[in-house]
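Undergrad: Sequence and computational prediction follow.
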Amino acid sequence: MQLFNKLFQAIDQTTSTNAKVNALVDYFHEASTGDILWSIYLLMGKSSGRVIKTALLRQAAYKLSALPTWLFEESYHIVGDLAETIALCLPPPQHTKLYTLSQTMTFLASFSALPDDEKEQTIINRWMEIPASERFLFNKLITGNFRVGVSKQLVIKALAIKYNKTANELAHRLMGNWHPHQTNLEKLILEDILSEKSFEPYPFFLAYQLEGAPEGLGDINEWYVERKFDGIRGQIIVRNEEIFIWSRGEDLLTDKFPEFHPLKHSLPHGTVLDGEILPFKEDEILPFAVMQTRIGRKLLSKKILASAPLVMICYDLLEYKGTDIRDRPLSERRKLLKQLVDGLVVNTSLMLSAPVPCSSWDEVRKAREEARAYKCEGVMLKRKNSIYETGRRRGSWWKWKVDPFTIDGVLVYGQRGHGRRANLYTDYTFAVWDNNELVPFAKAYSGLTDKEILEVDNWIKKNTIDKFGPVRTVTPTLVFELAFEGISASPRHKSGIALRFPRILRWRRDKIADQANTKQDLLKMLDSKGDK
Amino acid sequence: MLTFDNKGIYCARADLYIDPWLPVNKAIITHAHADHAHKGNKHYLCHTDTAPLLKLRLGNDISIETLNYGEQITINGISISLHPAGHIIGSSQVRLSYKDEVWVVSGDYKLQDDGLSTAFEPLKCQHFITESTFGLPIYHFPKPAIVKQELHEWIQKNNEQAVNSLLVGYSLGKAQRIIEMASALDMPIYAHGAIVNIQQQLINAGHKLYPVQYASFDLIKTLKPPYLLVLPPSAIGSPWLKKFNPYEIAFFSGWMQLRGARRRRNVARGFVLSDHADWNQLNSAVLSTNAENIYVTHGYKSIFAKWLREEHKLNAVEVETLYEDDLLMREDTDAAL
């Protein structure tokens, strides 16, 4: 793992994109093909899987570090990362063995099959064998939490340099559910024929949020304006009367979405649709929460299928009758898409995302503002002549979300954060007033500047009235304005509501706790605009 | 013999304070860092090497008396002497004895030899006051020689790419160590004004240190990369850093042992280099005193005190002081130096 550890350190110790790509290319030159295969798998964010229960891992760490449990756990709260805490607390290794990345992954696979009572000693032995500098990485792999600061696009860029292929081809080859145990580098990257990968999705084209005025985009007539639906972004692939449905997270969800299965007979061979999958009933989009419940089910009963039927609102066509048309202008792709969908004799599951007619940017503004009435998050702006690119890019596609809901809440609990926020109180719980009582309604982790985080951290340490494990209860004093995307009723929460993506908008230093919003204010939002 | 009150560590019999944070009549100062050496005291007593640093910070007109290591004075029957603490140049432990009773106030200390400050001297006593900045078993600092070698490799890599190396550490203590380590490469070293002042003051006082040049913007404009520049922590994140483009930046601190601490600071590279004692050093320092009573101040005080009670069966208590234990606060105040 020496080389992979060197790569990990190199990436971790720089913020320069070029330096990261260089380190990757160097690694791909030096490492064996087996190791490269595993490294791609891990660097693309696929998990090695957790092969040991955390409790068991802790037991082994207590034993080898010879620390009292309480002291190890105090250390963990300061470090904020279990893999790192263990690496820092263990004694120096006795003798050093060098395992390659592939050997380590093979070890992990056999390790996971061991009975629990053998795991402790096996992992202790391994810890004492490998160099101290590799323990952190090893622990990350064993807990299935390996992550490092490179995007998929950077990995693909480096592979493209090493193997002299285009980034687009590599991106496509690396989509989907491949596993190093079931393929090899030759098949994955080098082999000419793509036939076996033909059920894999194309890399999704993603948009950035528009910042500043839309006028900067030029002539409105060069743009399509569409509603930005709030569902699951997906790709439907039909080949040889077979259907595959992929989410943007590259999960194969075919079995979860039986509604679309008849399409394998009605759509021509070689069709790939891009769109938003969402629950839709009686001419109305249902709340996102309905979708979430449905996705969570293992078995889809008739009742569930009837209460939350899904459709795809299609907005792009990537492959038409077996030809990759991503390089053609959007206007042309849309025309073919419309023909295809309109031409279906029986169609209960595909809809078209109709462009919102706008002849000025002010009309676009209006369309954006009324988004919530359409159960949408905002609008999408797409250049009519844009090709379908890969990954998140600026330029020809933009999303323009509506301003979030906002509310003022009182800080009531603080908890230490993890990772770069370890050892600082950065995870906050906020409350609103319900008569004379404060009811917690949201947790938020992000939104403050580093300087503000320090200030709040300091304040929490000085104004703690109670400690419960890692949570501190503070004097209700500080008021923060929170932003969130949606609000829905939730019997599981004490406040009776659940928020989507709550985050801190700003610190209201001008307000005292009494001036924060009330539960009544939240309920009003629920009635007026939010999901019901 | 000693008590802790709202002004600092107090010795009633000699009527003096050690490292008081509010103005008093007589103050013994363990070392010249801002959280230990406050202004406004009538009379100061410190080590000979600390005096010029105190004057630099508090003004030339302060009333100051100095002692060498091991030299003893007696006030109202209490014998007082200063002994090396190994923290920074001039840093001292304060030993106070009255009849058979001996107390030692260690201030900040480390057991690692940094080649600049006089090495820590273990003292026998019954009462030992210790810091606990790195009082957790996650802190195990590497040998300075290893850090020095890593630093050289890092600078050479930057040099090959014609990128400037920005080296960040506290102005007093850490900066001198960074400069000594980097000086072996025989490149000119530039520095922030605060660091130049301290370096010059120490050189004037007779310390053999590598001279650094003040990095004025006019001078920087004429320099071609790669060069070395030493900065205090307040420089991180400041907009004028871009004047030093292209650069790589590294931070030197014991906190760099933690990945989270490094990433929070937005510096890509962290070198684990500390003027404090790590876990093993703290334990060995405490045990070497043979003291039964341990007073744990700034740092992970409740955790370290509990450990000393449970593991070593010592009478260890935590003591509230105003010495700063939060690294970020300390970094912010460092700029004032």
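TA: Received it, and whenever you're ready, just let me know what you need.
Undergrad: Flag the shaky bits of the chain, pLDDT-wise.
TA: Answering for chain A, as no chain was given. Applying pLDDT under 70 to chain A flags the ranges A:192-197, A:419-422, A:528-532.
Undergrad: Not quite, go with chain B.
TA: Answering for chain B: the residues below the bar, that is pLDDT under 70, span B:266, B:324-337.
Undergrad: what residue of it is the furthest out?
TA: Relative to the average C-alpha location in chain B, and by CA atoms, centre = their mean, no residue lies farther out than B:Thr222, which sits at 34.0 Å.
Undergrad: which residues touch whichever helix in chain B runs longest?
TA: Using DSSP state H, we find that the single longest helix of chain B is helix B:144-160. Residues from elsewhere that reach helix B:144-160 (CB atoms under 8 Å, 6 or more residues apart in numbering or on different chains): B:112-115, B:164-165, B:177-178, B:181-182, B:184-185, B:187, B:226, B:228, B:248, B:250, B:269, B:271-273. For the C-beta atoms, the positions are set from N, CA and C on the backbone; glycine is no exception.
Undergrad: Give me the subset of the residues you listed lying in helices.
TA: B:Arg177, B:Ile178, B:Met181, B:Ala182.
Undergrad: hang on, the earlier thing: starting at the chain centroid, how far to the longest helix of chain B?
TA: Per CA atoms, centre = their mean, to the nearest Å, the displacement of helix B:144-160 from the mean C-alpha position of its chain is 23 Å.
Undergrad: Same question for stretch A:453-464.
TA: When distances are taken as CA atoms, centre = their mean, stretch A:453-464 is centred 30 Å away from the chain's centroid.
Undergrad: ditto for stretch B:239-247
TA: Offset of stretch B:239-247 from its chain centre (CA atoms, centre = their mean): 28 Å.
Undergrad: distance between the ends of that stretch?
TA: Across its full length, stretch B:239-247 reaches 14 Å between end residues, using CA to CA, to the nearest Å.
Undergrad: can you list contacts of it?
TA: Counting contacts by CB under 8 Å, 6+ apart, the residues outside stretch B:239-247 that touch it are B:Ala162, B:Val163, B:Asn164, B:Ser165, B:Leu166, B:Phe217, B:Ile220, B:Pro225, B:Leu229, B:Ala235, B:Ile249.
Undergrad: So which bits of it are buried?
TA: By 16 or more other CB atoms under 10 Å in any protein chain shown, the buried positions in stretch B:239-247 come out as B:Phe244, B:Tyr247.
Undergrad: what do you get for stretch A:304-314?
TA: In stretch A:304-314, counting by 16+ other CB under 10 Å, buried: A:Ala308, A:Pro309, A:Leu310, A:Val311, A:Met312, A:Ile313, A:Cys314.
Undergrad: ok, back up a step: near chain A, which of the contacts of helix B:144-160 show up?
TA: With the criterion set as CB under 8 Å from any CB of the partner chain, the members of the contacts of helix B:144-160 near chain A are B:Glu248, B:Arg269.
Undergrad: So among the contacts of helix B:144-160, which ones count as buried?
TA: Among these, the ones that count as buried by 16+ other CB under 10 Å are B:112, B:114, B:164-165, B:177-178, B:181-182, B:226, B:228, B:248, B:250, B:269, B:271-273.
Undergrad: which one of those sits closest to chain A?
TA: Distances from chain A to the buried ones among the contacts of helix B:144-160, taken as CB to the nearest CB, are shortest for B:Arg269 (5.2 Å).
Undergrad: wouldn't the closest one be in contact with B:Ser253 here?
TA: No. With contact taken as CB atoms under 8 Å, B:Arg269 and B:Ser253 are classed as non-touching, separated by 11.8 Å.
Undergrad: Near the residue of the stretch 1-150 of chain B found nearest chain A, how many other residues are there?
TA: Proximity to chain A, evaluated over the stretch 1-150 of chain B using CB to the nearest CB, is greatest for B:Ile138 at 3.9 Å. If you count neighbours by other CB atoms under 10 Å in any protein chain shown, B:Ile138 ends up with 24.
Undergrad: quick one: contacts for it?
TA: With contacts taken as CB under 8 Å, 6+ apart, B:Ile138 has the following neighbours: A:Ser75, A:Ile78, A:Val79, A:Thr85, A:Leu88, A:Cys89, B:Gln257, B:Leu258, B:Trp279.
Undergrad: Which of the helices or strands spans it?
TA: Using DSSP states H and E, B:Ile138 maps to neither a helix nor a strand.
Undergrad: Where helices are concerned, which of the contacts of B:Ile138 count?
TA: Filtering those for membership in helices, criterion DSSP H, returns A:Ser75, A:Ile78, A:Val79, A:Thr85, A:Leu88, A:Cys89, B:Trp279.
Undergrad: ok, then the element right after the helix or strand harbouring A:Phe107?
TA: Here A:Phe107 sits within helix A:101-112, counting by DSSP H and E. Helices and strands here follow DSSP H and E; after helix A:101-112, the next one along the chain is helix A:116-129.
Undergrad: Do that next one and chain B come into contact?
TA: No. If you take CB under 8 Å from any CB as the test, helix A:116-129 misses chain B, and the best it gets is 15.4 Å.
Undergrad: tell me the angle that helix makes with helix A:101-112.
TA: With axes from the mean of the first three to the mean of the last three CA atoms, to 10 degrees as the basis, helix A:116-129 and helix A:101-112 are set at 150 degrees to each other.
Undergrad: Work out the gap between helix A:116-129 and the centre of the chain.
TA: Using CA atoms, centre = their mean, the mean C-alpha position of helix A:116-129 is found 33 Å from that of the whole chain.
Undergrad: who's in contact with that helix?
TA: The contact list for helix A:116-129 (CB under 8 Å, 6+ apart) reads A:52-53, A:56-57, A:59-60, A:63-64, A:90, A:93-97, A:107, A:111, A:114, A:135, A:138, A:142.
Undergrad: ok, and what's touching stretch A:240-247?
TA: With contacts defined as CB under 8 Å, 6+ apart, stretch A:240-247 is touched by A:175-176, A:199-201, A:232-238, A:252-254, A:256-257, A:260-261, A:263-265, A:269, A:277.
Undergrad: same thing but 10 Å
TA: Taking CB atoms under 10 Å, 6 or more residues apart in numbering or on different chains as the criterion, the residues outside stretch A:240-247 that touch it are A:175-177, A:198-202, A:204, A:232-238, A:251-257, A:259-267, A:269-273, A:277, A:295, A:312.
Undergrad: Select from the residues you listed every entry located in strands.
TA: With DSSP state E as the criterion, strands contain A:Ile232, A:Arg233, A:Gly234, A:Gln235, A:Ile236, A:Ile237, A:Val238, A:Thr271, A:Val272, A:Leu273, A:Ile277, A:Met312 from among these.
Undergrad: Let's see if you can find the most crowded of these.
TA: Of all the ones in strands among the contacts of stretch A:240-247, the highest neighbour tally under other CB under 10 Å goes to A:Met312, namely 29 neighbours.
Undergrad: In space, what's closest to it - neighbours in sequence excluded?
TA: Residue nearest to A:Met312 in three dimensions, not counting chain neighbours: A:Gly275, with 4.4 Å by CB to CB, 6 or more residues apart in numbering or on different chains.
Undergrad: how near is the one you found to chain B?
TA: With distances defined as CB to the nearest CB, to the nearest Å, the gap from A:Gly275 to chain B amounts to 38 Å.
Undergrad: The strand or helix carrying that residue pairs with which strands, parallel or anti?
TA: Remark: A:Gly275 resides in strand A:271-281, with elements defined by DSSP H and E. Paired neighbours of strand A:271-281 in the sheet (DSSP bridges): strand A:232-239 (antiparallel), strand A:284-285 (antiparallel), strand A:310-320 (antiparallel).
Undergrad: Tell me the gap between it and the middle of its chain.
TA: Average the C-alpha atoms of strand A:271-281, do the same for its chain, and the two points are 19 Å apart (CA atoms, centre = their mean).
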